[in-house]
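In: No sequence on hand, only this structure:
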């Protein structure tokens, strides 16, 4: 049990974009419920890594990291060890902190809980206030003498003086954990990928089916079908390097309580709950006042609509109350009765990729995203594990500014 006691594992919750607080009511399980499983996996891999010979840090043309899928919480996690001295040279000591962080295409940084502080050192970056969805909290920026990542080809890859963020208690309690950010660029602080890989790699691929995170020095997204053009958000706010793509079709499936009564416009309204029906709303994307973009976010469990989108939908469908959260159980809100969301994404060859949410990880929330200084920003839909659970892989190519999604 001493090995278990020496390893502290934190599993994150939802996203970096929104990082909302809980799963849908019918899936009230948190990512803390399976810490024991991850602890066991960490101990096994820790023991095997001690017995393996030291590896050089010369990076191959392609590099793959094994992930652990945590099905109850719906996330793919990467094992990381922080230490005060080189594990490759001296092995594990008392000042070693091993944890699993969720691979997150919606944020750029590596973050850790405050329990890692005894290993960490000060950095030149000042404390910042970070908003994770509706959770606002402080972030202390620290350096760790050594950060070790575990690849399939090379074994442990060790990096010195790695800059990371220590999340505050408010953020930790509100979001459930910490992240391994996969956005490769930030204007203010070094990103996870810059420190781990430099600028040597052109693309990454998360294989959700095989539980692998791979990096390549060559372009991988521009080959074959299902290639999407990434849309820049930089003109709408600072440090906006999110992976966003266009959406040309939106369908919302919901359970509705309706009556035969109509309002002044002649439309049916939810005044009498004696009748239950399942409905679909097909949104004419071209008729919206703003472009509709989908942000690809593996750190999110459910689905997020920007408040600008729900406000416009409310004006187009005035019978329904578009406020609230699908996890609240308030039947007066259409968000509380949404069962599923489908988005269609146009590809560069004129076809499309269809993404559909799965029931297990679905929830829908809407709020004002803290990204934009331009109020005329595009409408945003952030898609999380509820969509990735029905997807084989996601590839992002930094150079070509393209993404590729392969569905199951």
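Out: Structure received. All of these numbers come straight from a predicted model, not from anything done at the bench. Numbering: from 1, shown residues only.
In: Could you find the closest non-adjacent residue to residue 77?
Out: In space, residue 77 comes closest to residue 100 once its chain neighbours are excluded; the distance is 3.8 Å by CB to CB, 6 or more residues apart in numbering. Where C-beta positions appear, they are placed from N, C-alpha and C, glycine not excepted.
In: what about the one you found, helix or strand, and which?
Out: strand 96-104 (DSSP states H and E).
In: partners of that strand, with directions?
Out: strand 75-83 (antiparallel), strand 179-181 (parallel) (DSSP bridges).
In: Return the residues in contact with residue 172.
Out: Counting by CB atoms under 8 Å, 6 or more residues apart in numbering, residue 172 touches 10, 113-114, 137, 178.
In: what comes up buried for stretch 228-238?
Out: Using 16 or more other CB atoms under 10 Å as the test for burial, stretch 228-238 gives 228, 230-231, 233.
In: Now do that stretch: distance from first to last residue.
Out: The straight-line separation of the ends of stretch 228-238 (CA to CA, to the nearest Å) is 24 Å.
In: Rounded mean pLDDT for that stretch, please.
Out: For stretch 228-238, mean pLDDT rounds to 95.
In: do stretch 379-393 as well
Out: The model assigns stretch 379-393 a mean pLDDT of 96.
In: Stretch 375-391 spans what distance, first to last residue?
Out: Across stretch 375-391, first to last residue, CA to CA, it's 33 Å.
In: Can you point out the buried residues in that stretch?
Out: If you call a residue buried by 16+ other CB under 10 Å, then stretch 375-391 has these buried ones: 377-391.
In: Just give the number of residues close to the nearest residue to residue 230 once chain neighbours are set aside.
Out: Sequence neighbours aside, residue 401 is the residue nearest to residue 230 in space, at 4.5 Å (criterion: CB to CB, 6+ apart). Applying other CB atoms under 10 Å, we find 13 residues neighbouring residue 401.
In: same thing with residue 95?
Out: By other CB under 10 Å, the residues close to residue 95 number 13.
In: I'd like the distance from it to residue 79, if you could.
Out: 18 Å (CB to CB, to the nearest Å).
In: How about residue 124?
Out: 28 Å.
In: Make sure I have this right: residue 72 is in a helix.
Out: No - looking at residue 72 with DSSP: H, G, I helix; E, B strand; the rest coil, it is coil, so not inside a helix.
In: And residue 169, what's its pLDDT?
Out: Looking at residue 169, the pLDDT reads 79.
In: Kindly report the same for the one 5 residues further on.
Out: Model confidence at residue 174, expressed as pLDDT, equals 68.
In: quick one, helices of the protein?
Out: The residue ranges that make up the helices of the chain, judged by DSSP state H, are 2-5, 35-50, 87-90, 169-175, 192-197, 307-316, 385-388.
In: quick check: mean pLDDT across the fifth one?
Out: Helix 192-197 shows a mean pLDDT of 96 in the predicted model.
In: what bits of the stretch 101-250 of the chain have low per-residue confidence?
Out: Scanning the stretch 101-250 of the chain for pLDDT under 70 picks out 132-134, 174-177, 221-223.
In: ok so, going back, among the contacts of residue 172, who's most crowded?
Out: Among the contacts of residue 172, the one with the most neighbours (other CB under 10 Å) is residue 178, at 28 neighbours.
In: since we're on the closest residue to it other than its chain neighbours, how many residues are nearby?
Out: Once flanking residues are discounted, residue 178 sits nearest to residue 111: 4.2 Å by CB to CB, 6+ apart. By the criterion of other CB under 10 Å, residue 111 has 28 neighbours.
In: beta partners of residue 111?
Out: Beta-bridge partners, per DSSP bridges, of residue 111: residue 165.
In: if I pick it, what's in contact with it?
Out: Applying CB under 8 Å, 6+ apart, the residues near residue 111 are 101, 139, 164-167, 178-179, 181.
In: of all those, which comes closest to residue 147?
Out: Nearest to residue 147 out of these is residue 164 (CB to CB; 7.5 Å).
In: And the closest one, how far from residue 122?
Out: For residue 164 relative to residue 122 (CB to CB), the value is 12 Å.
In: go on, residue 375?
Out: 38 Å.
In: Give me the sheet partners of whichever strand in the chain runs longest and which way each runs.
Out: Longest strand in the chain, counting residues (DSSP state E): strand 135-151. With DSSP bridges as the test, strand 135-151 is paired with strand 75-83 (antiparallel), strand 121-122 (antiparallel), strand 128-132 (antiparallel), strand 155-167 (antiparallel).
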